[in-house]
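1. Could you work out the structure for the sequence below:
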Amino acid sequence: MRVALFTETFLPKIDGIVTVTCLLLDHLAMRGIESVIVAPGRGVEQYNQTRVIGVPNIAFPLYPEIRVGPPTPNTYNALKAFRPDVAHFIHPILIGIPGMLMARRLDIPTVASFHLDVARIAHHYNMGFVEPLTDLLTRVIFNAADASLAPSRLIQQDMQSIGISNVRLWKRGVDAEKFNPRYRNADMRHLLSDGHPEDTLLLYVGRVSAEKQVDQIRAVLEQVPGTRLAVVGDGPARQAFEQHFEGLPARFVGYLKGQALSEAYASADIFVFPSALETFGLVVVEAMAAGLPVVASRVGGVRDVVQEGITGYTFDSGDVAAMVEGVRQIATSRARIQQMGRAARTYAETQTWAAMMDEVIDLYAELIAQRQATRERTSA
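-> Here you go, the predicted model:
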């Protein structure tokens, strides 16, 4: 089996979409499946055993970390030379839509997976007038694929509600070895807590942008005594959020990766995630695997993974009072933090990436077989 992936964002950028994409490529390699990936060209020519077909691109003005640009005839020639059996589109937009046309010309089946709720992001940035058009385009693009994948039941329902058919679930897993309580580290806790390891350390990990609503955590620091915040990640709102937290016990440490990221998760006490928009919220399960109870908004897959009062608390996006109360309930004692953290870890251990990725490979095989049967009927 040969698999071609198309993505709008890839290394060296780091975010949830890139993480899932790399994990899929790793799993394909482990299963002995050849792959290539078409992505914005940013100097990465190979990932693991996967060749990267780079697409010329420029920085997106509103978010310079994102690079945009359409495929070229050279992209198609490289794809054709690879001779893929199936194409998987990681939320097709500027690269993916032309890629779907290429796949059609090559007569191979297609899978489109949903990773970014563009319509709701537009609404959050007071551009709600584009929602109907965005939903229409999303419906047309995803229905053009042979199968669509949603990362959570909530997103699956949303996709079906705008008219996307044949939507299957591709839930998210976690590497419970990489994200593990054993990485708890006194030096990392000292760094994240700005030299106050005795305090209750709240942690946020992810993109630092307006829709993540990290600024709302200020209310927790003001209303729950003995708490402080560490923000891991970067993005366009970082400077504004740093000014917003000025004078409060909050530290912005930027991107962390590898063992440093594992240590950051394991060295905190409570994971707080007030995001307004998510398709899943991969960092929530990573935090649970590291042994952290979670207080998170009910977005994406949060409701699928957090058990109220057992592994954490959830709240409606924007309900700051409920977020504050959730943290207060967990932070009542060190024993309470540890008890809920153990329950979170126990749940995360059941969510393996291998099972989730094998389901996608099974879907590839099913679609390839269907396409082959169609060709045989046509030739007959």
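2. wouldn't Asp15 be in contact with Thr21 here?
-> No - look at Asp15 against Thr21 with Cβ atoms under 8 Å: they stay out of range, at 9.9 Å. Yep, even glycine has a C-beta here, placed from its N, CA and C like the rest.
3. ranges for the strands of the stretch 101-250 of the chain?
-> Secondary structure of the stretch 101-250 of the chain (DSSP state E, counting those that start in this stretch): strands at 110-113, 147-150, 167-169, 200-205, 227-232, 250-254.
4. between Asp15 and Thr21, which one's more packed in?
-> More crowded of Asp15 and Thr21, by other Cβ atoms under 10 Å: Thr21, with 24 against 18.
5. give me every residue that touches the more buried one.
-> Thr21 is in contact with 5, 7, 10, 37, 90, counting by Cβ atoms under 8 Å, 6 or more residues apart in numbering.
6. Could I get the phi/psi values of it?
-> When read as degrees, to the nearest 10, the backbone of Thr21 gives phi -60, psi -50.
7. where are the low-confidence patches of the chain?
-> 61-65, 117-130 (pLDDT under 70).
8. Could you break it into its assigned domains?
-> Domain segmentation of the chain under automatic domain parsing yields 2-173+352-379, 181-348.
9. most packed of the ones you listed?
-> Neighbour counts (mean count of other Cβ atoms under 10 Å) averaged over each of the domains of the chain peak at domain 181-348, with a mean of 20.
10. hang on, Leu261 is in a strand, isn't it?
-> No - assignment of Leu261 by DSSP: H, G, I helix; E, B strand; the rest coil gives helix, placing it outside any strand.
11. ok, it touching Val232?
-> Yes - using Cβ under 8 Å, Leu261 is in contact with Val232, at 7.1 Å.
12. what touches both of those two?
-> Val205.
13. Can I get stretch 357-373 in CSV, CA atoms only?
-> Provided in CSV are the C-alpha atoms of stretch 357-373 (Å, rounded to 0.1, in the frame of the first residue of the first chain):
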residue,chain,number,x,y,z
MET,A,357,-4.1,4.6,13.5
ASP,A,358,-4.9,1.0,12.6
GLU,A,359,-8.5,2.0,12.1
VAL,A,360,-7.4,4.6,9.5
ILE,A,361,-5.3,2.0,7.7
ASP,A,362,-8.3,-0.4,7.7
LEU,A,363,-10.3,2.4,6.0
TYR,A,364,-7.6,2.9,3.4
ALA,A,365,-7.7,-0.8,2.6
GLU,A,366,-11.5,-0.8,2.4
LEU,A,367,-11.5,2.2,0.0
ILE,A,368,-8.8,0.7,-2.2
ALA,A,369,-10.7,-2.6,-2.5
GLN,A,370,-13.9,-0.7,-3.4
ARG,A,371,-12.1,1.3,-6.1
GLN,A,372,-10.5,-1.9,-7.5
ALA,A,373,-13.9,-3.6,-7.7
